[in-house]
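Asker: Need coordinates for the below:
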Amino acid sequence: MLLRRSLLTAAAIGSAIPALAQEWPSAPVRAVVPFAAGSATDIVARLFADRMRETLGQPVVVENRAGASGLIGAEFVARAAPDGNTLLFGTNSTNAAANALFRRVPFDMERDFVPASMLASVPLLVAVPANSPHRTLTDLLAAARARPEGVSFASASSSQRVAAEMLASMAGVRMLHVPYRASPAAVQDLIAGRVDLFIADQAVILPPSQSGQLRVLGVTTRARSPQLPDVPTVAEAGNLPNYELFAWFVLAAPAGTPPAHLARLNAAVRQASANPELRQRLEQVLGMTVTPSTQEEAVAFMRSETVKWTNAIRAAGIEPE
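Answerer: I've put the predicted structure just below:
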């Protein structure tokens, strides 16, 4: 009897070893940010990555792979092994607007990715240098109307470009597009007066505006920002009632990633979202809304946003590059 018990115990231990060895993740997880350090996506990614470790039991290592409006980093993840060990902190630029903006997108937004959860959303702010002669959005649009392409605007992502082109289209003006590789560089040139206008995520614009380096003329969402209650919406300031746009962030994995891994990632996002410090930083300081979701909700949201961004890009008259 003792021998039989010993054999059964050994068999149970033996069967548990493969299960333990297969527990995921068993090593650090790589999370790609397809934009530069200091961008809004980078800020969101690092805050979530730090706290997801508590659920995953492994560090989430953020890696910046910037370029081509996020396409370089997104393609890297789309081509990665679907084992959950390489993730994308994606945005509306990479996962909703890409097909309408570029003739050749090196991945399929819907087929090559599977979302684990939505993360957050944020309004964009219309900003000019602090010493700009344009005190209001009406002033800026009047100047652009008087001098076609005499007013320049920066962009370092699809959402930033679409926001500005959509503003120009609805207002019936032409502005000069100046592309940048990264938002921090665009902000520095805006502060220095080398470009006239930058419409970017509130997380990027708010700090230099609070320090007096930039002036905010409008908010791109339907409602005013709680952080800037005296700043009108673009719809109000520009008399453009149909203008609305906001940016969002999603945690996605290569298609084919095991459902169990995605479920654990979803749990890690939800746990991170409940962290008071993360919420205070994103919501109170940077004016974002933390939006954890189910995987199914993320899929439905991204599909609807793809339609919205495609329509906005076409309405703005932006030709695919």
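
Asker: Now do the strand ranked longest in the chain: distance to the chain's middle.
Answerer: Secondary structure of the chain per DSSP state E: the longest strand is strand 113-129. Centroid separation between strand 113-129 and its chain, computed with Cα atoms, centre = their mean, to the nearest Å, is 4 Å.

Asker: so what strands line up beside that strand?
Answerer: strand 197-201 (antiparallel), strand 214-219 (antiparallel), strand 246-254 (antiparallel), strand 289-290 (antiparallel) (DSSP bridges).

Asker: give me the low-pLDDT residue ranges for the stretch 1-150 of the chain?
Answerer: 1-22 (pLDDT under 70).

Asker: how about the strands in it?
Answerer: 29-33, 60-64, 86-91, 113-129 (DSSP state E, counting those that start in this stretch).

Asker: Now the longest one - C-alpha only, PDB.
Answerer: The C-alpha trace of strand 113-129 is given here as PDB (Å, rounded to 0.1, in the frame of the first residue of the first chain):
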ATOM      1  CA  PHE A 113      -4.100  41.800 -34.200                       C
ATOM      2  CA  VAL A 114      -6.300  40.700 -31.400                       C
ATOM      3  CA  PRO A 115      -7.000  43.300 -28.600                       C
ATOM      4  CA  ALA A 116      -6.700  42.300 -24.900                       C
ATOM      5  CA  SER A 117      -8.400  45.500 -23.600                       C
ATOM      6  CA  MET A 118      -8.900  49.100 -24.300                       C
ATOM      7  CA  LEU A 119      -6.800  51.300 -22.000                       C
ATOM      8  CA  ALA A 120      -7.700  55.000 -22.100                       C
ATOM      9  CA  SER A 121      -8.900  57.900 -24.300                       C
ATOM     10  CA  VAL A 122      -7.900  61.500 -24.400                       C
ATOM     11  CA  PRO A 123      -8.900  64.700 -26.100                       C
ATOM     12  CA  LEU A 124      -6.600  66.600 -28.400                       C
ATOM     13  CA  LEU A 125      -5.700  70.300 -27.800                       C
ATOM     14  CA  VAL A 126      -5.300  73.000 -30.400                       C
ATOM     15  CA  ALA A 127      -2.100  74.800 -29.300                       C
ATOM     16  CA  VAL A 128       0.000  77.700 -30.500                       C
ATOM     17  CA  PRO A 129       3.200  79.300 -29.100                       C
END
